[in-house]
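[1] how does the following fold in three dimensions:
(chains A, B, C and D)
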There are 2 protein chains.
Amino acid sequence: MTVTLFPTKHALVRKLESTFTLADDERHALLNLPMQLTKLGPGQTIVREGHHLSRSCVLLEGFACSYKATGYGKRQILAFNIPGDIVDLHGLHLEVLDNSVGTITPCTVGYVPHEILRDLCGRYPRIAAALWRGTLVDAAIFREWLINVGRREASVRIAHLLCEMLVRLRAVGLAEGYSCDLPITQGQVADALGLTPVYVNRVLQALRADGLIDLKGNCLSVPAWDKLRKAGDFDPTYLHLERDPATA
Amino acid sequence: MTVTLFPTKHALVRKLESTFTLADDERHALLNLPMQLTKLGPGQTIVREGHHLSRSCVLLEGFACSYKATGYGKRQILAFNIPGDIVDLHGLHLEVLDNSVGTITPCTVGYVPHEILRDLCGRYPRIAAALWRGTLVDAAIFREWLINVGRREASVRIAHLLCEMLVRLRAVGLAEGYSCDLPITQGQVADALGLTPVYVNRVLQALRADGLIDLKGNCLSVPAWDKLRKAGDFDPTYLHLERDPATA
DNA sequence: CGACTCTTTGAATTTTGTCAAACTGAGTGG
DNA sequence: CCACTCAGTTTGACAAAATTCAAAGAGTCG
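    I've put the predicted structure just below:
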């Protein structure tokens, strides 16, 4: 965690740099991106389904999630957002958003007007490609979640999610080794995996009993990564990260 | 179905024009896109998970699907592709594909080298934006499928899928009114919705008995659209089509 | 007419959900 | 600093949705 004049902006740069090397001018343009910084409390709405957006929201600190509700009042969490994610970049090319985004923990976010983003993409084609790529990786994660929810049983599903979160957090420098801060409730895990909180609880206890995870409060630590990876049928290819030998 | 010199190329143009108006030069560029046309039989693999792509595949005629298998040998269908879809456009910016694509019916496909696509995007920024937008709509459909599989019970899930297919087919001119050709087996529906073929069969019978659908062989017809829409908790916003009053 | 694949049916089983209540821990205000 | 609250976790007993297995019909194609 190096301290700089704009520490929070590093999240976005770090995320982009996790997949390709930025040229100096590109890096400079990103660090000088006009961004309206805002702090939000937990459980607040960032953007709401059905709205038109004229700016995008970069998550700089904290955890957020995208979600959507069925007509019967049930909620599905579509994605967990971590620092560096642009939580609503699809709003740049879609007229209305088809999902909502809310904070989980207190968050620092930066708003960037769409016109600024369009200008940035026009001037730096490689950044445009990287942003497009980012939305494609998001889609790849949706695909994997679809398999997870559709075709894996509850214990595998949960193990898979834990693997994914650890790897993604590590990719942006928010996990050391096999531990990370994971401020997500069992109810939220349930809403992400199409399960009930009660059942998530039972499965987590089983995973703990089997020594696959060590989860207390907000702190996840994985004593047996390889076992968890197998239990979760987890192959990180879909995350399209640089090769991380420790997790492959 | 107007007959032209390049009838099959119309699928792509028609799809892009379903969301915005192409300028003459853009339209011309698309119709003259160098494309290697190929006919494929049913059940053939178009692209395989884990491969690097140097070209993209436009589906011009027929039905295809994207899918992925779990480590336990179960299959999840991630998307049904219909004419006009570029089935692997994400391969343009991702090094390896994280899913496979295969034909369902006999298909006509057109292969376009990535360099040609990149050149097209560089010269026609609006086409680039439209293609990006297309991948974002694909992602929106993944999100909706995730809710569908995660939080809706089987009968609602199935009704939802039938609504979606009818609306999408109508958007590209492959459905008239409330009927369409839907050459998808119950087993494939099961793999798309995270169910078993046996259960899909039972639910379909119930939907038929309730007069919501009329499904024989490959032909779906919906005698009570509004009832089916409600039964499927279906709101077409996520498809990001032009407003189609008959289905809203 | 086989040889297929796809659909349909029945009965038993499993996974996961539901409901209801107790427990825990972190923060808050008196 | 101690109740008190409140959200989150844990437990138990029961119910429901969907799966599994097995086998019988139907439709299509060479």
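[2] low pLDDT regions in chain A?
    Scanning chain A with the threshold set as pLDDT under 70 gives A:1-9, A:243-248.
[3] all strands of it, in order?
    Shown for chain A, the strands assigned by DSSP state E span residues A:36-40, A:45-47, A:55-61, A:64-69, A:75-81, A:100-103, A:107-113, A:175-176, A:179-181, A:214-216, A:219-221.
[4] ok, how many other residues are close to the closest residue to A:Ser221 other than its chain neighbours?
    Leaving aside its chain neighbours, A:Ser221 sits nearest to A:Ser179 (3.9 Å; criterion: C-beta to C-beta, 6 or more residues apart in numbering or on different chains). Any C-beta I mention is one placed from the backbone N, CA and C, and that applies to glycine too. Neighbour count for A:Ser179, taken as other C-beta atoms under 10 Å in any protein chain shown: 16.
[5] dig out what A:Ser179 forms beta bridges with.
    A:Glu176, A:Ser221 (DSSP bridges).
[6] these two touch, right, it and A:Cys219?
    Yes: under the criterion of C-beta atoms under 8 Å, A:Ser179 makes contact with A:Cys219 at 6.8 Å.
[7] separation between the closest residue in space to A:Tyr124 that isn't next to it in sequence and A:Arg126?
    In space, and not counting its chain neighbours, A:Tyr124 is closest to A:Glu26: 5.3 Å by C-beta to C-beta, 6+ apart. Counting by C-beta to C-beta, to the nearest Å, the gap from A:Glu26 to A:Arg126 is 6 Å.
[8] then A:Gly84?
    Per C-beta to C-beta, A:Gly84 is found 18 Å from A:Arg126.
[9] higher neighbour count, those two?
    The neighbour count for A:Gly84 versus A:Arg126, taken as other C-beta under 10 Å, is higher for A:Gly84 (23 against 14).
[10] was I right to think that one contacts A:Leu30?
    No: A:Gly84 lies out of contact with A:Leu30 (C-beta under 8 Å); the separation is 11.6 Å.
[11] can you pull the contacts of A:Leu40?
    Taking C-beta atoms under 8 Å, 6 or more residues apart in numbering or on different chains, we find A:Leu40 in contact with A:46, A:62, A:103, A:106-109.
[12] show me which of the residues you listed are buried.
    For the contacts of A:Leu40, a burial check counting by 16 or more other C-beta atoms under 10 Å in any protein chain shown picks out A:46, A:62, A:103, A:107-109.
[13] say whether chain B is contacted by the top helix by length along chain A.
    Longest helix of chain A, by residue count under DSSP state H: helix A:125-151. Yes: interface with chain B: helix A:125-151 contributes A:125, A:129, A:132-133, A:135-140, A:142-147, A:149-151 (C-beta under 8 Å from any C-beta of the partner chain).
[14] can I get the buried part of these as one PyMOL selection?
    The following PyMOL line selects those of these that are buried, judged by 16+ other C-beta under 10 Å:
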select buried, chain A and resi 129+132+133+135+136+137+138+139+140+142+143+144+145+146+147+149+150+151
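[15] from B:Tyr111, how far off is the residue nearest the centre of chain A?
    Centroid-nearest residue in chain A, with C-alpha atoms, centre = their mean: A:Asn81, separated by 3.0 Å. A:Asn81 sits at a distance of 36 Å from B:Tyr111 (criterion: C-beta to C-beta).
[16] over to A:Arg123?
    Counting by C-beta to C-beta, the gap from A:Arg123 to B:Tyr111 is 32 Å.
[17] could you do A:His160 as well?
    Distance, A:His160 to B:Tyr111, by C-beta to C-beta: 34 Å.
[18] comparing the two, which shows the higher neighbour count?
    Between A:His160 and B:Tyr111, A:His160 has the larger neighbour count (other C-beta under 10 Å), namely 25 against 17.
[19] number of nearby residues for A:Leu120?
    Neighbour count of A:Leu120, defined by other C-beta under 10 Å: 17.
[20] ignore the last one, A:Leu193
    For A:Leu193, the neighbour count with other C-beta under 10 Å is 23.
[21] quick one: residues contacting the nearest residue to it once chain neighbours are set aside.
    Using C-beta to C-beta, 6+ apart and skipping residues adjacent in sequence, the residue nearest A:Leu193 is A:Arg157, 4.8 Å away. Contact analysis of A:Arg157 by C-beta under 8 Å, 6+ apart lists A:148-149, A:193-195, A:232.
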